[in-house]
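Undergrad: Sequence and computational prediction follow.
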Amino acid sequence: MRLLILEDDHQLGEALATGLRQLGHAVDVFRDGVAADAALAGAPFDAMVLDLGLPGADGMVWLQRWRARGITLPVLILTARDGTEQRIAGLDAGADDYLIKPLGVDELAARLRAMLRRATGRAQAVWTHGALQYDPATKQVQWQGQAVDLTGRELALLEALLMHPQRVLSKAQLQEKLYDWSGAEPESNALEVHVHHLRRKIAPGIVRTVRGVGYALGAAEETS
Ligand code: CA
């Protein structure tokens with residue numbers, strides 16, 4: 001998933017980003033609310049990790065602004081403020097989870113998975129699409145009961161399609177899900193290559209091309 005971290009502690013922000021990238025996520029870190037606010041308009045983020053003590057406006061103020069603007073992005077507050085009243089205020093302001101620093105990347109990733117599961121209306125930890133099974137925690141994919149070996153980007157692409165099974169996603173949108181702004185620009189045909197690999201490794205019909213628009217999750221029962 002594509003994650004936005006708003007954290008003014010540079011070292012902590014980078015440590016979290018590195019850990020989450022190793023787990024296959026695309027992650028962008030911002031150190032103040034103005035920059036994060038601008039980024040929200042520029043990429044389809046799936047969730048946000050929000051610090052509260054920030055230069056300029058407080059994280060709570062930003063959260064209230066975003067919710068007032070109708071931004072429904074799942075938000076996990078990660079803060080040193082551990083009072084019960086502060087937790088309640090954070091959740092009431094529209095946060096989906098509220099965690100206290102310090103927190104390991106593994107738990108943070110698990111919390112983000114749970115948040116996303118709720119946001120996409122899933123109750124099961126393992127996502128099923130016909131003969132396809134995907135476990136976001138272990139990154140294991142099975143097709144018709146057989147394990148499928150996918151690279152990190154292929155997994156990210158499959159996850160993005162599974163996250164919105166009814167939706168057609170443009171190439172630009174999918175590209176934004178796979179690549180954060182920290183690395184080099186991907187090759188122009190990188191997405192097509194990943195789609196090709198998913199079709200070859202899983203089933204030809206697993207990704208549907210919607211001409212002139214982009215890609216969507218395809219049939220799940222077709223034999224490979
Ligand atoms: Ca801070």
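TA: Arrived safely, thanks for sending.
Undergrad: only C-alpha atoms for contact and neighbour calcs from this point on.
TA: Will do.
Undergrad: Just the CA atoms of stretch 203-210, as CSV, please.
TA: C-alpha atoms of stretch 203-210 as CSV (Å, rounded to 0.1, in the frame of the first residue of the first chain):
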residue,chain,number,x,y,z
ALA,A,203,-3.6,-16.7,-14.8
PRO,A,204,-4.0,-14.8,-18.1
GLY,A,205,-7.3,-13.4,-17.0
ILE,A,206,-6.4,-12.2,-13.5
VAL,A,207,-5.7,-8.7,-14.7
ARG,A,208,-8.2,-7.2,-17.2
THR,A,209,-7.1,-4.4,-19.6
VAL,A,210,-9.8,-1.7,-19.9
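Undergrad: Rounded mean pLDDT for that stretch, please.
TA: When pLDDT is averaged along stretch 203-210, the result is 96.
Undergrad: And stretch 146-160, by the same measure?
TA: For stretch 146-160, the mean pLDDT works out to 96.
Undergrad: Buried by neighbour count: which residues of it qualify?
TA: When neighbours are counted by 16 or more other CA atoms under 10 Å, the buried residues of stretch 146-160 are found to be V148, L150, G152, R153, E154, L155, A156, L157, L158, E159, A160.
Undergrad: Going by distance to the ion, which of the residues you listed wins?
TA: A156 (29.5 Å; CA to the ion).
Undergrad: And that closest one, how far from V61?
TA: Using CA to CA, to the nearest Å, we find A156 at a distance of 32 Å from V61.
Undergrad: Same check on A47?
TA: A47 is 18 Å from V61, by CA to CA.
Undergrad: what about the two, which has more around it?
TA: A47 (22 against 13; other CA atoms under 10 Å).
Undergrad: doesn't L3 make contact with that one?
TA: Yes: counting by CA atoms under 8 Å, A47 does reach L3; the two are 5.3 Å apart.
Undergrad: what sits against Q142?
TA: Going by CA atoms under 8 Å, 6 or more residues apart in numbering, Q142 touches A131, L132, Q133, Y134, V148.
Undergrad: host element of the residue in the chain that the ion sits nearest to?
TA: Across the chain, the shortest distance to the ion (CA to the ion) belongs to G53, at 4.0 Å. Per DSSP states H and E, G53 falls between elements, in no helix or strand.
Undergrad: Tell me which helix or strand comes right after the helix or strand harbouring L16.
TA: Using DSSP H and E, L16 sits within helix 10-22. Toward the C-terminus, helix 10-22 is succeeded by strand 26-30 as the next helix or strand (DSSP H and E).
Undergrad: what's that following strand packed up against?
TA: Where contact means 3 or more CA pairs under 8 Å, 6 or more residues apart in numbering; DSSP states H and E, strand 26-30 is packed against strand 2-6, helix 10-22.
Undergrad: would you turn these into CSV with mean pLDDT, mean neighbour count and distance to V29?
TA: Converted to CSV, the helices and strands packed on strand 26-30 look like this (pLDDT from 0 to 100; neighbours: other CA atoms under 10 Å; distance: least, CA to CA, whole Å):
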stretch, mean pLDDT, mean neighbour count, distance to V29
strand 2-6, 98, 24, 5
helix 10-22, 97, 16, 6
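Undergrad: Make JSON lines out of the ones you listed and add distance to T120.
TA: Below are the helices and strands packed on strand 26-30 laid out as JSON lines (distance: least, CA to CA, whole Å):
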{"stretch": "strand 2-6", "distance to T120": "15"}
{"stretch": "helix 10-22", "distance to T120": "20"}
